[in-house]
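> Output the structure for:
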Amino acid sequence: MLTIIDKIEKQTLINDYLTPQIIKDKDVKLGLRNPDGTGVVAGITTKGRVDGYQKILKDPVKKTYEVKPVPGRLFYCGYDVSKIIESMKPDSRFGFEEAAYLLLAGELPRKSDLTHFINELGKRRSLSRMERQIIMGEVQNDNQMYALHSVISHLSRCDEEADSTAIENVCRQSINLIAKFPTIVAANYNVLRYSKGADLRILRPKPELSIAENFLYLLYGVKPDQEEAHIFDIALILHAEHGGGNNSTFTVRSVSSSGANTYMAIAAGIASLSGHLHGGANESVKMMMKDLKKNVKNWDREREIRAYLTKILEKKAGDLKGKIYGFGHAVYTISDPRAIILKEYARKLAEKLDYDEEFRLYELVEKVASSILSNRNSKIMSANVDFYSGFVYEMLGIPRELYTPIFAMARVVGWCAHRIEQIMQGRIIRPAYIQVSAEEKEYVPLKER
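Numbering: from 1, shown residues only. Presented below is the predicted three-dimensional model:
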């Protein structure tokens with residue numbers, strides 16, 4: 001006999017199913033995607049720009065376009081991120097703080113401004129007694145994204161002006177969150193370790209260290225190697241922002257548009273990022289590569305790699321979902337600029353830490369997977385940032401449970417920048433949904449059903 005839950009599930013599968021023909025007839029763009037795969041324009045921003053294709057007008061009357069793939073580029077407030085990173089090389093400068101200032105303020109900081117901003121972040125890193133108590137309350141929370149979501153949502157209790165949406169207040173809250181996120185992520189993990197039997201180690205952050213250095217220090221208990229900290233800093237810069245259309249940033253903007261407070265809006269972004277289709281892809285890459293290394297005998301044989309990746313696509317290997325993780329992107333076509341940058345830093349780190357053989361395996365998998373997927377999909381499928389980010393974190397000794405929280409730790413900069421922009425625009429986001437049928441149904445009294 002069906003339980004009421006079973007019956008609701010059964011009816012849902014019947015009544016909520018939409019045929020492809022209905023979607024076509026109604027001209028609905030599911031996922032806010034156009035038929036050519038480009039995103040539906042839903043807003044305007046000064047923050048991030050993602051270039052992966054050009055739209056060339058073919059018919060001015062019908063307004064039809066040809067989408068031409070181009071090498072990917074990522075811009076923060078009009079500045080090419082690859083050039084920002086390149087400018088930091090000569091003096092081995094940490095740059096995440098500069099990227100944060102740029103995204104919040106909309107312009108590059110002067111040297112004195114950057115110094116004051118870094119000092120302000122340093123002063124705000126430490127947790128209050130109440131904030132530490134909130135983190136200790138998550139001691140049994142194995143999922144670090146669940147723990148992060150819970151802690152950030154509860155921070156409203158620690159702010160006397162939590163519900164104020166005045167820009168000066170939101171700017172203060174944003175800087176506070178950017179400063180505290182690394183401390184919170186590291187503390188959450190150390191509390192989890194404590195619940196598993198390890199000694200409790202919650203260190204106080206050092207104001208003289210960069211955000212990248214501080215996080216690694218809080219995680220390991222010792223000041224990190226400078227070269228390794230710089231590579232981690234690059235990873236944070238590359239994840240700080242990605243335009244307003246990615247799912248978590250759009251979620252933050254949507255929640256912000258309702259007048260919700262900063263902590264609720266950022267918690268909503270964390271909730272979105274916890275979904276396996278948005279955050280967490282680098283964890284999936286690592287698990288895929290772990291499985292591949294176990295099942296492929298000769299890591300340098302292209303034929304063996306190809307055979308195994310084909311098995312993955314046929315749902316005969318890996319997690320049996322038929323997906324090669326770390327490839328393809330909603331906007332980037334020919335290449336993901338973040339993957340190109342991170343790959344070169346992964347190469348340097350691999351040479352330093354004796355991961356050369358594994359790096360060559362990643363390179364070969366990238367080559368073969370891109371070839372297989374491009375042929376199957378009749379379009380270029382290049383590696384995305386997730387393919388190499390997990391490998392970089394692994395070489396740095398960062399636990400897999402923290403890969404997605406680190407993504408949030410970097411992306412909170414973009415979330416806060418977009419929240420401020422959304423509040424200034426002052427309109428609640430309310431897209432339209434079309435009813436499947438306009439037919440009115442006759443209500444049947446309960447006793448006659």
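> Run a quick neighbour tally on the nearest residue to residue 387 once chain neighbours are set aside.
Nearest non-adjacent residue to residue 387, counting by C-beta to C-beta, 6 or more residues apart in numbering: residue 326, 3.2 Å away. Every residue, glycine included, has its C-beta placed from N, CA and C. Neighbour count for residue 326, taken as other C-beta atoms under 10 Å: 28.
> repeat for residue 365
26.
> all helices in the stretch 51-200 of the chain, in order from the N-terminus.
Taking DSSP state H, counting those that start in this stretch as the criterion, the stretch 51-200 of the chain contains helices spanning 81-87, 96-105, 111-124, 129-136, 144-154, 167-195.
> Could I get those in a markdown table, plus columns for mean neighbour count and distance to residue 413?
Shown next, in a markdown table, are the helices of the stretch 51-200 of the chain (neighbours: other C-beta atoms under 10 Å; distance: least, C-beta to C-beta, whole Å):
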| stretch | mean neighbour count | distance to residue 413 |
| --- | --- | --- |
| helix 81-87 | 15 | 13 |
| helix 96-105 | 24 | 5 |
| helix 111-124 | 15 | 11 |
| helix 129-136 | 15 | 20 |
| helix 144-154 | 22 | 14 |
| helix 167-195 | 21 | 6 |
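> Out of those helices, which is closest to residue 234?
With C-beta to C-beta, the closest approach to residue 234 among those belongs to helix 81-87: 6.0 Å.
> And the closest residue to residue 227 other than its chain neighbours, what's its pLDDT?
Counting by C-beta to C-beta, 6+ apart, the nearest residue to residue 227 once its immediate chain neighbours are dropped is residue 352, at 6.9 Å. On the pLDDT scale, residue 352 is placed at 96.
> The residue nearest to residue 387 and residue 123, how far apart?
38 Å (C-beta to C-beta, to the nearest Å).
> related to what we said a few turns ago, give me the element the residue nearest to residue 227 is part of.
Here residue 352 sits within helix 337-353, counting by DSSP states H and E.
> list the buried ones in that helix?
337-343, 345-347, 349-350 (16 or more other C-beta atoms under 10 Å).
> hmm, back to that, what sits against the residue nearest to residue 387?
281-282, 284-285, 288, 369, 383-384, 386-388 (C-beta atoms under 8 Å, 6 or more residues apart in numbering).
> if we go to 7 Å?
In this structure, residue 326 makes contact with 281, 285, 383-384, 386-387, judged by C-beta atoms under 7 Å, 6 or more residues apart in numbering.
> Same check on residue 135?
Contacts of residue 135 by C-beta under 7 Å, 6+ apart are 151, 184, 187-188, 191.
> Show the pLDDT at it.
93.
> for the one 3 residues further on, same thing?
At residue 138, the predicted lDDT confidence score is 85.
> For it, which non-adjacent residue is closest in space?
Per C-beta to C-beta, 6+ apart, closest to residue 138 is residue 147, 4.2 Å.
> That neighbour and residue 267, how far apart?
From residue 147 to residue 267 the distance is 12 Å (C-beta to C-beta).
> same deal with residue 226?
Residue 226 is 34 Å from residue 267, where distance means C-beta to C-beta.
> Who has more neighbours out of the two?
The neighbour comparison of residue 226 against residue 267 (other C-beta under 10 Å) goes to residue 267, with 23 against 11.
> which non-adjacent residue is nearest the more buried one?
residue 153 (4.1 Å).
> just residue 356 next, same as before
residue 350 (5.5 Å).
> Pop the domain breakdown of the chain in here.
96-275+410-422, 281-395 (automatic domain parsing).
> Could you export those as JSON lines, including distance to residue 54?
What follows is the domains of the chain, written out as JSON lines (distance: least, C-beta to C-beta, whole Å):
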{"stretch": "domain 96-275+410-422", "distance to residue 54": "16"}
{"stretch": "domain 281-395", "distance to residue 54": "10"}
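> Would you mind saying which of those lies nearest residue 48?
domain 96-275+410-422 (4.1 Å).
> Can you check the distance spanned by the closest one, start to finish?
The stretch domain 96-275+410-422 measures 23 Å between its terminal residues, going by C-alpha to C-alpha, to the nearest Å.
> With stretch 435-449 instead?
Its first and final residues considered, stretch 435-449 spans 25 Å by C-alpha to C-alpha.
> Show me what the mean pLDDT comes to for it.
90.
> Perfect, that will be all.
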